[in-house]
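*Asks:* Dropping the sequence and predicted coords here.
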2 protein chains.
Amino acid sequence: MKLSLSAVAGIPMVQPGDDLVELMGDAIIQQGDQLRDDDVLVIAQKIISKAENRYVDLADVEPSDEAIQLALEVDKDPRHVQVILSESNEVVRKRLGVLIVEHKLGFVHANAGVDQSNIEHDEQHQMVLLLPVDPDLSARRIRAGIKQKYGVTVAVIINDSLGRAWRNGSLGLAIGVAGFTALEDYIGGLDLFGRELVVTQVGAADELSAGASLVMGQTDEKTPVVLVRGYRPAEPEEEQLRGVKPLLRDKLADLFR
Amino acid sequence: MKLSLSAVAGIPMVQPGDDLVELMGDAIIQQGDQLRDDDVLVIAQKIISKAENRYVDLADVEPSDEAIQLALEVDKDPRHVQVILSESNEVVRKRLGVLIVEHKLGFVHANAGVDQSNIEHDEQHQMVLLLPVDPDLSARRIRAGIKQKYGVTVAVIINDSLGRAWRNGSLGLAIGVAGFTALEDYIGGLDLFGRELVVTQVGAADELSAGASLVMGQTDEKTPVVLVRGYRPAEPEEEQLRGVKPLLRDKLADLFR
C-alpha cells in the first residue's frame, strides 16, 4: 500500500459564500491534475467555517455573568468566553489560560474550537470563527458537489487541530467525515497466529487527518486542502457508523472526564 | 509539499537478534528502491521488541499480592497484570477489562503496551512482548546503522497503537524518535495577519506516525515498516528537544491524570 498526500496549492483566501467545490477542483486542475474516484480530500476546518460565514464579531457579544466570572478565572476576554460557552455542552477543565469544553457537537476541544488566528481584524471588529454548524453535513455536501460537478466519488474529511490528554502538541483530527469509515473495527478479526485481536478499533479518519495535517503545516492558509491517493475509502453501510460520531466516546464510557 | 507513505513489503517474521537495518534495507532494495537522505522510516514497535527479545513467558511470572488483587478487579490474568505493573510507574485508571498505566518510559498506555497479539504461543508457553527498553535509543541505533551501512541520513520513528481520552479508536503514535523534531514549536510565530499564533505546538512525530499506522494496517505483520518521502526531518540542535520526550506531558502539567 502506498499513500500520497499532496498539498493542494493555489486556493485563494476563502470568503463567506465561496464555493469550495469549485475552488478546490480548479486548484487541482491548475496543478495539471484532476479529482479521481477514491481520492480523499482532507480539508482544514477553517476554510469550511469561513465559506459558511461562521464569524462572530466580539463587539456584538454581551457576556453573561457566568462568562464574566469564568473569564476572570481563566484570564480570557469575557466575550470570547461567552462565545465558547454558547458553543458548548459543558466545561471539562479550566485553568489559567485554558478552557477545555465539550462542544455541542461532542468534541472535547480547547475553546470549543473558536478561533482567533488567521482571521481578519481591524480596530472596530474582533472577529472569531466558530466550527461549522454540522461538519459531517458540510463534508457530505462537498462530496455530493464533487460528484455532481466532476462525476467522481471521493471521500471528504474535515480536520482541526486538537489538543489531547497526556501528550504535548496538537494533532489534526477529524471533525467531519463523508464517504469514509472513520472508525475501523477489527472485532472478530484474528491475528497472524489465529488469536483474537486485542486492539480492535482504529481511528482511521483521525490517523489520515493527522498525516494530512503535517502536510498542511500550521501557519500557511494557502494549503488548507490535502489530496490523498492510494486509500480505498468506503462509506459504512450502516447509517449510525457514518460520519465522525463513531470516533466520539460517550461521556459515560470515558474514564477521563 | 507532497508526502509519500509506502509500506515496505517483504520483511520476514522478525526473530530475536535479527538485524533490522539489514532486513529493512534489503526489503527496500528488493522493491527496486533504496534508502535516501531525508527518508523517514516509521517502524512498528512490535518488530523492535521482537528483535530485542523483549519476550516474557507468563509461565515464569510469579504474581505479587497486589497483582493478584488488581487482576481480580479488572479480570485479567494475574501474571499478565504482574508484568504490566513491573513495567509501570503507576496505575492511571482501572476498570473491568481495562488497565491504563503510566509506563516507566512516561507513556500513558493501556496494559503498559504489553502485547499478546501477533505473538507465537503454544501449550506450555504464553509469551507476552514488552516495549523496547529505550525506544529512543533503538531508533538512534537504527539511524546510525543505516548511516553506516548505506551512507544515508534518515530519520526513524518507532510507533505503537495507543488509546486516548475522549475518542474511540487507537492511533499509531510515536514512542521512539531519532533525527526528527517530534514536537514542532510555533511559539513566537505569526499568523497570516501578523497576530501571534494561539496554537503553538504540533505533535509532528505523532501526526506522521498516525498516517503511517494507517498504511501499516492492523493485522498484517508483513508491513511493519513504512517509508516516508517528501518530509525534511531535522534533528533538534538542543539535546533535550531530541527523542520522544518533548511529546510527553509532565504529570503535574496534565489536567487529565
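*Replies:* The structure has been received and is ready for your questions.
*Asks:* tell me which element the residue nearest to residue A:135 when sequence neighbours are not counted falls in.
*Replies:* Nearest-residue entry for residue A:135: residue A:176, 2.8 Å, with adjacent residues in sequence omitted and distances by Cβ to Cβ, 6 or more residues apart in numbering or on different chains. Every C-beta, even on glycine, is put in place using the N, C-alpha and C of the backbone. Counting by DSSP states H and E, the element that carries residue A:176 is strand A:171-178.
*Asks:* now that strand against strand B:171-178, angle please.
*Replies:* Counting by axes from the mean of the first three to the mean of the last three Cα atoms, to 10 degrees, strand A:171-178 points 150 degrees away from the direction of strand B:171-178.
*Asks:* Direction included, what does strand A:171-178 pair up with?
*Replies:* Under the criterion DSSP bridges, strand A:171-178 sits next to strand A:155-162 (antiparallel) in its sheet.
*Asks:* Where is the longest helix in chain A?
*Replies:* Longest helix in chain A, counting residues (DSSP state H): helix A:135-150.
*Asks:* same for it, what does it pack against?
*Replies:* Applying 3 or more Cβ pairs under 8 Å, 6 or more residues apart in numbering or on different chains; DSSP states H and E, one finds that helix A:135-150 contacts helix A:20-30, strand A:40-44, helix A:45-51, strand A:155-162, strand A:171-178.
*Asks:* centre of the chain versus it, how much separation?
*Replies:* 15 Å (Cα atoms, centre = their mean, to the nearest Å).
*Asks:* quick one on the thing from earlier: for the residue nearest to residue A:135, grab the count of nearby residues.
*Replies:* Applying other Cβ atoms under 10 Å in any protein chain shown, we find 27 other residues in the vicinity of residue A:176.
*Asks:* any idea how far it lies from chain B?
*Replies:* In this view, residue A:176 and chain B are 14 Å apart by Cβ to the nearest Cβ, to the nearest Å.
*Asks:* what number of residues lie near residue A:99?
*Replies:* As a burial measure, residue A:99 scores 25 neighbours (other Cβ under 10 Å).
*Asks:* Determine the set of other helices and strands touching the strand or helix carrying residue A:128.
*Replies:* Here residue A:128, judged by DSSP H and E, is contained in strand A:127-129. For strand A:127-129, the elements it packs on are helix A:45-51, strand A:55-57, judged by 3+ Cβ pairs under 8 Å, 6+ apart.
*Asks:* Pick the most deeply packed of those.
*Replies:* Of all the helices and strands packed on strand A:127-129, helix A:45-51 carries the top mean neighbour count, a mean of 24, counting by mean count of other Cβ atoms under 10 Å in any protein chain shown.
*Asks:* Helices of chain A, residue ranges please.
*Replies:* A:20-30, A:45-51, A:65-74, A:78-86, A:135-150, A:204-216.
*Asks:* what sits against the closest residue to residue A:159 other than its chain neighbours?
*Replies:* Closest residue to residue A:159 apart from its sequence neighbours, by Cβ to Cβ, 6+ apart: residue A:209 at 3.9 Å. The contact partners of residue A:209, by Cβ atoms under 8 Å, 6 or more residues apart in numbering or on different chains, come to A:42, A:157, A:159, A:171, A:172, A:173, A:174.
*Asks:* export those residues to a markdown table and tack on neighbour count, pLDDT and distance to residue A:217?
*Replies:* Rendered in a markdown table, the data for the contacts of residue A:209 read as follows (neighbours: other Cβ atoms under 10 Å in any protein chain shown; pLDDT from 0 to 100; distance: Cβ to Cβ, whole Å):
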| residue | neighbour count | pLDDT | distance to residue A:217 |
| --- | --- | --- | --- |
| A:42 | 28 | 98 | 13 |
| A:157 | 30 | 98 | 17 |
| A:159 | 29 | 97 | 13 |
| A:171 | 27 | 96 | 14 |
| A:172 | 30 | 96 | 10 |
| A:173 | 28 | 98 | 16 |
| A:174 | 32 | 98 | 18 |
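*Asks:* ok, the residues you listed vs chain B, which is closest?
*Replies:* Minimum distance to chain B across the contacts of residue A:209 is 5.4 Å, recorded for residue A:171 (Cβ to the nearest Cβ).
*Asks:* what about the residue nearest to the spatial centre of chain A, distance to residue A:212?
*Replies:* Closest residue to the average C-alpha location of chain A: residue A:159 at 2.8 Å, with Cα atoms, centre = their mean. With distances taken as Cβ to Cβ, to the nearest Å, residue A:159 is found 7 Å from residue A:212.
*Asks:* CA atoms of stretch A:49-56 as CSV?
*Replies:* Presented in CSV, the C-alpha positions along stretch A:49-56 are these (Å, rounded to 0.1, in the frame of the first residue of the first chain):
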residue,chain,number,x,y,z
SER,A,49,-16.1,27.8,8.6
LYS,A,50,-15.1,30.8,6.5
ALA,A,51,-17.1,29.7,3.5
GLU,A,52,-20.1,29.1,5.8
ASN,A,53,-19.6,32.5,7.3
ARG,A,54,-19.3,31.3,10.9
TYR,A,55,-17.8,34.6,12.0
VAL,A,56,-18.8,36.3,15.2
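*Asks:* and that stretch, how far out from the chain's middle?
*Replies:* Remark: stretch A:49-56 is offset 14 Å from the chain centroid, using Cα atoms, centre = their mean.
*Asks:* Skipping adjacent residues, who's closest to residue A:30 in space?
*Replies:* Of all residues beyond its chain neighbours, the one nearest residue A:30 is residue A:10 (5.2 Å), with distances taken as Cβ to Cβ, 6+ apart.
*Asks:* about what we covered before: possible to save the helices and strands packed on helix A:135-150 as TSV with distance to residue B:254?
*Replies:* Conversion of those to TSV gives the following (distance: least, Cβ to Cβ, whole Å):
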stretch	distance to residue B:254
helix A:20-30	37
strand A:40-44	27
helix A:45-51	25
strand A:155-162	16
strand A:171-178	16
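*Asks:* The residue of the stretch 51-200 of chain A found nearest chain B: neighbouring residues, count only.
*Replies:* Proximity to chain B, evaluated over the stretch 51-200 of chain A using Cβ to the nearest Cβ, is greatest for residue A:169 at 3.0 Å. A count of nearby residues for residue A:169, using other Cβ under 10 Å, gives 23.
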